[in-house]
Each structure stands twice: as C-alpha cells, then as structure tokens.
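**Q** Show me the folded form of this:
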Amino acid sequence: MSKKNLFILIPLVILAAGTFFFWDKVRSQFAELTTPKCGSGPVLSNLPTADSDFEYLIPLGNLSPPQHTIPTDHIYYVFKRENPEVASPTIDVHSPAKARFNSVLHIIDIQDGKIRTDDYKISFYPCRGVTLYYDHITGFKGGLADAVKGKKESCSESHPRPQDTNRYCRISIDYLAEAGEVIGTAGQSTATGFDFGAIDHRMNPLSYANSKRHRKDAFYVACPFDLYPEDIKTKIWPRFGAPDKPRAIEPICGSVAQDKVGTLQGNWFIGDIPADEPESWNKSLALVPDNMDPSIGVVSFGGNGGSASRAYFEPKSSGLINREFSGVSPGSEIYCYQFDATMGGLHSGPASDRYLIRLNSTTELSFEAQKGGCGEKPSFSSPTTYSR
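**A** Sure thing, here's the model as predicted:
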C-alpha cells in the first residue's frame with residue numbers, strides 16, 4: 001500500500017471507530033429515555049451476591065486517602081478470605097432487578113509506575129430516575145459478556161499526582177438483564193470485594209456547605225439497600241460495620257453529606273477545586289465521624305503533594321486536643337488532633353504524628369500536619385488554607 005493511500009485510510013478507520021461509538025451511545029440514551037419512570041416504592045428485588053459470599057458491608061462515607069479523602073458515595077462488599085495476603089475469591093455478581101445495563105467503564109489505576117487496579121465499573125438502571133453501579137468488577141458473564149464483546153472504547157486519562165495515572169475507557173451498551181441474572185464476577189484482584197452505588201433522583205437533595213463544588217449526582221446519593229423491600233433491608237442491616245462490631249448508629253448504611261456549617265465538621269478544599277475529581281484528591285481534607293463507628297472522629301488528609309494519611313480518635317467535648325469537630329467555632333484557638341493508639345481493628349494511624357487546625361471563619365481554616373505530640377502546646381510553622 002502506498003503512503004498516500006495509507007494517509008487516507010488511517011483517518012477513515014478513526015472516523016469509523018468514532019461513528020460506531022457515537023451510535024452505541026445514541027442507542028443507549030434512547031433506551032433510557034423510553035424506559036418507564038420509577039414509582040415511589042422499592043425498585044430492587046435481588047441481592048448482588050449470596051449471603052455466604054461476603055463477610056461484611058462497609059457503609060457510605062468510607063475514608064481512604066488520597067483516592068477517597070472525602071466520604072465515599074458507595075458501599076463496599078467485603079469478601080470472606082482466610083488469609084489477608086491471598087487474593088479474595090472469585091464471586092458471581094447478580095443483577096439486583098430487571099435492569100438495563102448502559103455503560104461499562106474500564107479503569108486502570110497506576111501508582112508510582114505500578115498497576116494498582118485493573119477492573120470495571122458498570123452502570124445500569126431498573127427504571128428512569130434511579131441509576132446504580134457496581135465497581136471493581138473483574139469479569140463479565142452471559143448476555144452482558146456478549147454485549148460488551150467487540151465494543152470500541154473511548155479513553156481518557158487523569159493524573160491525581162504527577163507519578164500516578166488513572167486511565168478510563170468507556171463503552172456504551174444496551175443490555176437488558178433479568179432480576180437475579182449473573183452478569184459478572186468480582187474478586188481475585190487487589191480489591192477485597194466490590195462497590196455498590198446508587199443515585200436516586202426521587203429523593204430530597206442532600207445539602208453541602210458549598211453546593212458549587214459538587215456534581216449534580218452528588219445531591220442524590222442513596223444507600224442501595226434503601227431501594228429494597230423492608231424485609232430485605234432488615235435482613236441486611238446487621239452486616240454493616242466491622243465483623244466484631246456492627247454499626248449501631250443511624251443511618252446504619254452511613255451518610256455522605258456531613259458538612260456542618262459554622263464548625264470544623266465536613267469537607268474542605270484548597271482553592272476552587274471541584275469535590276471528588278481525581279486532580280482534587282490530594283488537595284482535599286475531611287473532618288468527619290468514622291463510617292464504621294460514628295462515635296469515632298477521623299482526620300482524612302489528602303496529602304497536598306506529600307503523604308496522604310488519616311487519624312482516628314475519641315472526640316472530646318472540651319479542650320484543644322481531639323475536640324469534637326461539630327463543637328469547634330471560628331476563633332483564634334489552634335486545635336490539635338492525634339491518633340488514639342488504643343484503637344485497633346480496622347483503624348490505622350497517620351504518617352504524621354499530629355494535625356493542627358484553626359477555624360478562621362465559617363468558610364476557611366488553617367491546617368498543618370506535623371511531627372510530635374499534642375501535649376507540647378504546638379504552633380503553626382507553615383499552614384495551608386482550606387475553604388468550603
């Protein structure tokens with residue numbers, strides 16, 4: 001083939017690939033628009049996995065900086081495994097209702113040149129107004145596998161840190177699964193299970209201190225199990241929380257929007273970055289109750305270019321050390337937070353020894369991670385300004 005013909009052929013191939021992806025997306029969107037609206041009651045009927053396949057559920061609002069510096073918008077299924085050093089078992093994942101699967105997102109997370117995760121996020125809806133997703137799906141089965149096979153991907157990348165890469169490759173599909181149908185697998189990867197998320201536009205919108213930072217769907221984050229009949233919810237609630245200490249504080253499924261205006265509690269950010277975008281992770285800060293046990297406080301620090309960390313502590317109702325976030329008002333006092341070494345289980349200490357925080361106003365605070373304990377009457381050296 002001559003170079004001239006090659007130069008003509010390459011753009012045509014690219015155009016054809018783009019055209020196929022475009023029409024796949026159009027068909028998917030048309031199917032959604034012609035789907036009946038959701039009623040006011042439950043829309044899910046089947047659990048994603050068998051009861052015996054998982055050990056416990058992690059509620060909404062989990063913290064794992066830097067990827068999840070602020071409270072997460074999904075719950076986690078954690079699989080049973082005898083040895084933490086061994087990959088989790090491969091588990092079948094089922095469609096929770098008769099639902100239309102419309103999007104597959106292939107996500108490759110590369111940190112410091114090494115692949116951390118390489119799996120899929122799949123989105124679907126049982127009716128118009130409610131969208132759900134599974135994340136960390138490692139394989140497809142049955143009709144969904146056929147629907148995905150041979151589809152063209154549309155890819156993009158983000159760089160939360162200069163040395164890290166998140167690669168996203170999207171596929172638009174249109175597949176109608178039956179309730180309870182096995183659609184794929186999870187497990188056998190670095191992820192210990194899979195995520196289950198829900199967006200319910202029938203609910204009253206959530207409230208954040210600065211609504212401009214959040215994407216539209218963030219106002220309608222729901223607990224997926226609130227979409228099931230009461231008998232299934234009652235059965236599943238005891239599975240939330242640590243295996244030896246189920247969550248006992250309402251809402252059992254956790255919460256995402258935890259900002260308390262005029263106090264320290266909630267999410268904080270450097271500059272005008274949007275919330276929960278990859279490039280924003282390391283410039284975010286969360287001062288919130290723990291999602292597994294809300295009686296515990298957590299400082300979740302994205303790292304701001306350095307090491308991300310989190311500290312768990314028992315909140316105090318007075319004083320300047322480990323003070324309850326919701327009890328701090330704007331002023332000149334510097335509050336010191338440090339990891340409580342008496343806490344074990346699922347909690348872990350921070351890379352730094354203490355965090356200094358001063359609430360300058362209802363919308364701005366000063367923050368600094370330092371070495372040393374809180375008993376030394378610490379002061380700022382080079383604090384960073386965060387805002388709502």
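
**Q** from here on, contacts and neighbour counts on C-alpha atoms
**A** Will do.

**Q** show me where the stretch 101-250 of the chain has strands.
**A** 114-127, 130-140, 154-158, 164-177, 182-186, 193-200, 221-222, 241-242, 245-246 (DSSP state E, counting those that start in this stretch).

**Q** Pull out the buried positions in the first one.
**A** Of the residues in strand 114-127, those with enough neighbours to count as buried (16 or more other CA atoms under 10 Å) are 117-127.

**Q** what about the spatially closest residue to P294 that is not a sequence neighbour, neighbour count?
**A** Leaving aside its sequence neighbours, P294 sits nearest to I249 (CA to CA, 6 or more residues apart in numbering; 6.9 Å). A count of nearby residues for I249, using other CA atoms under 10 Å, gives 13.

**Q** Touching, I249 and I296? I think so.
**A** No: I249 is beyond contact range of I296, at 11.4 Å (criterion: CA atoms under 8 Å).

**Q** quick one, what contacts D217?
**A** By CA atoms under 8 Å, 6 or more residues apart in numbering, D217 lies in contact with I199.

**Q** where does the protein have low pLDDT?
**A** For the chain, the stretches with pLDDT under 70 are 1-31, 341-351.

**Q** Tell me which residue is most central in it.
**A** With distances taken as CA atoms, centre = their mean, T72 lies nearest the centre of the chain, 3.6 Å away.

**Q** got a list of what R247 touches?
**A** With contacts defined as CA under 8 Å, 6+ apart, the neighbours of R247 are 238, 240-241, 292-293.

**Q** actually G266, not the one I typed
**A** Neighbours of G266 in contact, by CA under 8 Å, 6+ apart: 257-260, 286-288.

**Q** what residues are up against G241?
**A** By CA under 8 Å, 6+ apart, the neighbours of G241 are 56-59, 247, 292-293.

**Q** I'd like these laid out as TSV, including distance to K152 and secondary structure.
**A** Listed next are those as TSV, based on distance: CA to CA, whole Å; DSSP: H, G, I helix; E, B strand; the rest coil:
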residue	distance to K152	secondary structure
Y56	36	strand
L57	34	strand
I58	34	strand
P59	35	coil
R247	43	coil
M292	40	coil
D293	44	coil
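
**Q** Throw those into TSV and include distance to I199, thanks.
**A** Below are the contacts of G241 laid out as TSV (distance: CA to CA, whole Å):
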residue	distance to I199
Y56	22
L57	19
I58	18
P59	15
R247	23
M292	21
D293	24
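
**Q** Please list only the buried members of those.
**A** Looks like these have 56-59, 247, 292-293 buried, using 16+ other CA under 10 Å.

**Q** Quick check: C155 touching C169?
**A** Yes: the pair formed by C155 and C169 meets the contact definition of CA under 8 Å, at 4.0 Å.

**Q** the more surrounded of the two?
**A** Applying other CA under 10 Å to C155 and C169 shows that C169 carries more neighbours, namely 16 against 13.

**Q** rewinding a little: so how far is N291 from the residue nearest to the centre of the chain?
**A** 10 Å (CA to CA, to the nearest Å).

**Q** Which residues are in contact with each of those two?
**A** With contacts defined as CA under 8 Å, 6+ apart, the residues adjacent to both T72 and N291 are 60-63.

**Q** who wins for most neighbours among the residues you listed?
**A** Neighbour-wise, the shared contacts of T72 and N291 (other CA under 10 Å) top out at L60, 28 neighbours.

**Q** can you pull up the bridge partners for that residue?
**A** G254 (DSSP bridges).

**Q** Might one say that it is in contact with P71?
**A** Yes: with contact defined as CA under 8 Å, L60 reaches P71; the gap is 7.2 Å.

**Q** tell me, what's touching these two both at once?
**A** Listed as contacting both L60 and P71 by CA under 8 Å, 6+ apart are 255-256.

**Q** circling back: output the shared contacts of T72 and N291 as TSV; include the columns distance to E32.
**A** Listed next are these as TSV, based on distance: CA to CA, whole Å:
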residue	distance to E32
L60	27
G61	29
N62	31
L63	33
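
**Q** Now do the same contact list for L287.
**A** The contact partners of L287, taken as CA under 8 Å, 6+ apart, are 264-267, 297-300, 325.

**Q** which stretch of helix or strand covers it?
**A** strand 284-289 (DSSP states H and E).

**Q** The next helix-or-strand element following that strand versus strand 284-289: what angle between them?
**A** Once the chain leaves strand 284-289, the next helix or strand it forms, by DSSP H and E, is strand 297-301. When axes from the mean of the first three to the mean of the last three CA atoms, to 10 degrees is applied, the directions of strand 297-301 and strand 284-289 differ by 170 degrees.

**Q** Direction included, what does strand 297-301 pair up with?
**A** Using DSSP bridges, strand 297-301 pairs in its sheet with strand 284-289 (antiparallel), strand 309-313 (antiparallel).
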